[in-house]
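In: Curious how this folds, go ahead:
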Amino acid sequence: MLRERVFTKRFGTFLSSPARGAWLYLPAALVAVAMSLPLVYLIVRASAAGQSAWKWLLRVQTFQIVGQSVGLALSVMLAALLLGVSLAWLVTRTDLVGRRIWSALLPLPLVIPSYVGAYLFVSFFAPRGLLQNLLERWLGIERLPSVYGFWGTWLVLSLMTYPYVFMAARAVLSRSDRSLEEAARSLGYSALETFWKVTLPQLRPALAAGSLLVGLYVLRDFGAVSILRFTTFTRAIYLQYQSSIDRSAAALLSLVLILITIGFLIAEQRLRHAAAENPHTAIQPVQLIRLGRWQVLAVGVVTLVLLLGLIFPSSVLLYWLIRGLLVGEQISNWLRPLLGSVSAAGLAALVTVLLAFPVSILSIRRVGLFSKMLEKWSYLGYAVPGIVVALALVFFGANFVPALYQTLFMLLFAYVILFLPQAMGSLQASLRMVQRSLEEAAASLGENPLRVFQRVTLPLITPGVASAAALVFLTTMKELPATLLLAPTGFSTLATQIWGAVSEAYFARAAAPALILILASSISMYLINHQTTLSGSSHRQ
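Out: Residues are numbered from 1 along each chain as shown. Predicted coordinates for the structure are as follows:
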C-alpha cells in the first residue's frame, strides 16, 4: 500500500500538473489535432460545395458505388474468415503434416501489395494474357472470360487479406484454455461439434475484430480495384479528382466513404475490447486431433491456398522478371526507388512510433475523459483512406503552407496520419502487459516518472515497439495513393514505379520493383510474425 501511495503521488502528480505533464499532454494534443486535418478539410470543402455537386452526389451511380464498396468488403471478410479460421485450426489443433512450416508460410501473402497481386493476376488470366497465349498455342482457344470486375477483385483481395484473420485465430488458439475442449471430447462430442460449440465461442470476438480489419482494408484499397476495373469509393474519388477542376464532388464522396468506414471502425473497436476482456490462457498441452484419412485433403487445402496466394504470384513475377532481363531491363535501375521507399518507410516508422508514445501512455496509464478524447481522435487515421488523406494535404499544402507542398515532410505527415493507429495498437497492447507493481517499486525508490519509463517500462515493451515499427514500415512500403499524390518531384519509390509501369501495361518493367518491394517487406513481416509467435509462446509458458 505504501508503494502504491508513493507511486500514485509521484506519477499522478507528475501527469496531472500542467507544467510537468506537458511532456505527454502537449504532444498528444498536437498529434490529435494533426490527425483531424483531413476531416476538417473535407468538411470545409463539402460546406462550400454548390447545388450541382450535391445533385451529383445523390445520383443513382453513387448508391451503386456504395453497394459495390460495402458488398465487396463484406464478401472479402467472409472469405477471409472462412480461410483464416480453417487454416489456423489445422495448424494448431490437428496433427497436420508439416504444420509448423505451414504456420510460418501462411501469413506470407500479406507481404504482397494488393496492386502487385492484381497486376500479376491480370497479366496471367486476362484476355490476351499468359494463360490464353498458352491455351491458344496448345488448344486453339482464342478468348477467355474476363477477369475484371467483382469476382477477380474479390479473389485477389481475399487471398491478400486472409492472413489478418489467420494470425488472429492462431494467436487465440495457441494460448486458449484447451481443458474445455478435452472435456467436450470426453463427453462424446466429435471434433467438429467441439469446435462449433466450445472453440468458436472463445474465438468469436478476436475473429470478428480480425475480419472487420479486413473490411477496413478493402474499403481503403485503391490499387487492386483500379487495376481490376471495379469501381469502389477509392477509385471513384481518384477519377473525380483527376477529371474535374472542382474538387467538391470528390470531397463529398470522401465524406460518404469516411462515414461507412467509421461504422466498420466502431464495430471493430467494440469487438476488440470484447476480445481483450475475455482472455483465455492455456493451462495444459492439448492432444492433437488425428486427421487420419482426412490428412490428404487437409494438406491439399493448405497447399491450394498457398499455391494461389503465394506460389502462383511469385512464379508469375519471376517469369516477368526474367523476361524483362532478357529484353534489357536492369535491376540496378531500381536502386534509387528502393532507396526512396526504404528511407521514407524508415523515417515514417521512426516518427510514427515516437508520436504514438504520448497518446498510448496517457490512454493506458492516465485513463480519463481528456486522454480518451485524445485516443479517439488519434484513431481517425483508420477512418480516412490514403487517397482522402492525400487530397486533404494537397489542398492544405497548396493553400496554407506552399513551402511544404510536394516535400518529403508532407509525405511523412500523410504516413503518420494513416499509420499512427497501427503503432498505437501495438504499443497499447505492450503497455497493458507491463505490471504496474514494477513501476510502483521503482517510483517508491525515488525514481521520477521519466526514469521509471526509461529504466523499467521501455525495456519491457521493446518487443512491442519493434513490432509497431515493423508494421508501420511494412504498410508504408506498400502505400500507393498517398505516395502518388504527395511524393516530391523527382522522388521515386517502388510503389510509384510499379504503378507507372502497370498502368501502361509494361508488366516486365514492373517485375523488378515488385520483387524488390516484396523482399524488403518480407523482413518486416518476419519480425511481426516472429513477435506473434513469441507472444503465443510466452502465454503458453
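
In: Contacts only, for Leu144.
Out: Each residue near Leu144 by C-beta atoms under 8 Å, 6 or more residues apart in numbering is listed here: 125-127, 129, 131-132, 135. For glycine as for every other residue, the C-beta is placed from the backbone atoms N, C-alpha and C.

In: filter those residues to the buried ones?
Out: Buried members of the contacts of Leu144, scored by 16 or more other C-beta atoms under 10 Å, are 125-126, 129, 131-132.

In: ok, Leu350 - how many residues close by?
Out: Using other C-beta atoms under 10 Å, Leu350 has 14 neighbouring residues.

In: ah, wrong one, I meant Ala510
Out: The burial count for Ala510: 29, using other C-beta under 10 Å.

In: can you pull the pLDDT of it?
Out: pLDDT, Ala510: 87.

In: that older thread, just the ones of the buried ones among the contacts of Leu144 in helices?
Out: Per DSSP state H, helices hold the following members of these: 125, 131-132.

In: Same list, the residues you listed, but as TSV with pLDDT please.
Out: Output for those, formatted as TSV (pLDDT from 0 to 100):
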residue	pLDDT
Phe125	86
Leu131	79
Gln132	76
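
In: ok, so of those, who is nearest Trp377?
Out: Closest to Trp377 out of those is Phe125 (43.5 Å), distances taken as C-beta to C-beta.

In: what's the closest non-adjacent residue to that closest one?
Out: Sequence neighbours aside, Val147 is the residue nearest to Phe125 in space, at 4.5 Å (criterion: C-beta to C-beta, 6 or more residues apart in numbering).

In: That neighbour: what secondary structure?
Out: Three-state assignment for Val147 (DSSP: H, G, I helix; E, B strand; the rest coil): coil.

In: now it: how far from Ala206?
Out: Distance of Val147 to Ala206, given as C-beta to C-beta, to the nearest Å: 33 Å.

In: how about Ile364, what does it touch?
Out: 428, 431-432.

In: same question, Pro358
Out: By C-beta under 8 Å, 6+ apart, Pro358 lies in contact with 23-25, 27-28, 31.

In: So what's the residue count around the residue lying closest to Thr489 once chain neighbours are set aside?
Out: Take Thr489 and drop its neighbours on the chain: the residue closest to it by C-beta to C-beta, 6+ apart is Gln406, 5.9 Å away. The number of residues packed near Gln406 is 18, by other C-beta under 10 Å.

In: I'd guess Gln406 is in a helix, am I close?
Out: No: read with three-state DSSP, Gln406 is coil and lies in no helix.

In: any idea which element the residue lying closest to Ile361 once chain neighbours are set aside lies in?
Out: Once flanking residues are discounted, Ile361 sits nearest to Leu24: 6.1 Å by C-beta to C-beta, 6+ apart. Leu24 belongs to helix 22-47 when assigned by DSSP states H and E.

In: immediately after that helix, which helix or strand?
Out: helix 51-57.

In: helices or strands next to that following helix in the packing?
Out: Judged by 3 or more C-beta pairs under 8 Å, 6 or more residues apart in numbering; DSSP states H and E, the packing partners of helix 51-57 are helix 248-276.

In: Let me see the mean pLDDT of the next helix or strand after the helix it packs on.
Out: Toward the C-terminal end, the helix or strand that comes next after helix 248-276 (DSSP H and E) is helix 295-306. Mean pLDDT, helix 295-306: 91.

In: got it, and stretch 32-52?
Out: Stretch 32-52 comes out with an average pLDDT of 79.

In: go on, stretch 77-89?
Out: So the average pLDDT for stretch 77-89 ends up being 91.

In: returning to that earlier point: including distance to Leu308, could the buried ones among the contacts of Leu144 go into JSON lines?
Out: Shown next, in JSON lines, are the buried ones among the contacts of Leu144 (distance: C-beta to C-beta, whole Å):
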{"residue": "Phe125", "distance to Leu308": "11"}
{"residue": "Ala126", "distance to Leu308": "16"}
{"residue": "Gly129", "distance to Leu308": "16"}
{"residue": "Leu131", "distance to Leu308": "14"}
{"residue": "Gln132", "distance to Leu308": "19"}
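
In: wait, which of those residues is closest to Pro385?
Out: Closest approach between the buried ones among the contacts of Leu144 and Pro385, by C-beta to C-beta: Ala126, at 26.1 Å.

In: phi, psi of the closest residue to that closest one other than its chain neighbours?
Out: In this structure, Ala126 finds its nearest non-sequential neighbour in Val147, 5.3 Å apart by C-beta to C-beta, 6+ apart. With angles defined as degrees, to the nearest 10, Val147 sits at phi -100, psi 0.

In: List the buried residues for stretch 408-426?
Out: Within stretch 408-426, the residues that qualify as buried are 408, 410-426, counting by 16+ other C-beta under 10 Å.

In: and if you look at stretch 337-345?
Out: Applying a neighbour-count criterion of 16+ other C-beta under 10 Å, one finds 337-338, 340-342, 344-345 buried in stretch 337-345.

In: swap in stretch 350-361?
Out: For stretch 350-361, the neighbour count (16+ other C-beta under 10 Å) marks 351-353, 355-361 as buried.

In: Tabulate the CA atom coordinates of it in CSV.
Out: Once non-C-alpha atoms are left out, stretch 350-361 reads as follows in CSV (Å, rounded to 0.1, in the frame of the first residue of the first chain):
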residue,chain,number,x,y,z
LEU,A,350,10.5,6.2,-36.5
VAL,A,351,8.4,9.3,-36.5
THR,A,352,5.1,7.4,-36.1
VAL,A,353,6.2,5.3,-33.2
LEU,A,354,7.6,8.3,-31.4
LEU,A,355,4.4,10.3,-31.9
ALA,A,356,2.3,7.2,-30.8
PHE,A,357,4.1,7.1,-27.4
PRO,A,358,2.5,10.0,-25.6
VAL,A,359,-1.1,9.1,-26.6
SER,A,360,-0.5,5.4,-25.9
ILE,A,361,0.9,6.1,-22.4
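
In: Now find how far off-centre it is within its chain.
Out: Relative to the centre of its chain, stretch 350-361 is centred 18 Å away, using C-alpha atoms, centre = their mean, to the nearest Å.

In: same thing with stretch 310-330?
Out: Taking the mean of its C-alpha atoms, stretch 310-330 sits 27 Å from the chain's own mean (C-alpha atoms, centre = their mean).

In: Likewise for stretch 345-363?
Out: Averaging C-alpha positions (C-alpha atoms, centre = their mean) puts stretch 345-363 16 Å from its chain's average.

In: Mean confidence (pLDDT) on that stretch, please.
Out: For stretch 345-363, the per-residue pLDDT averages 87.

In: can you check stretch 472-488 too?
Out: Stretch 472-488 comes out at a mean pLDDT of 88.
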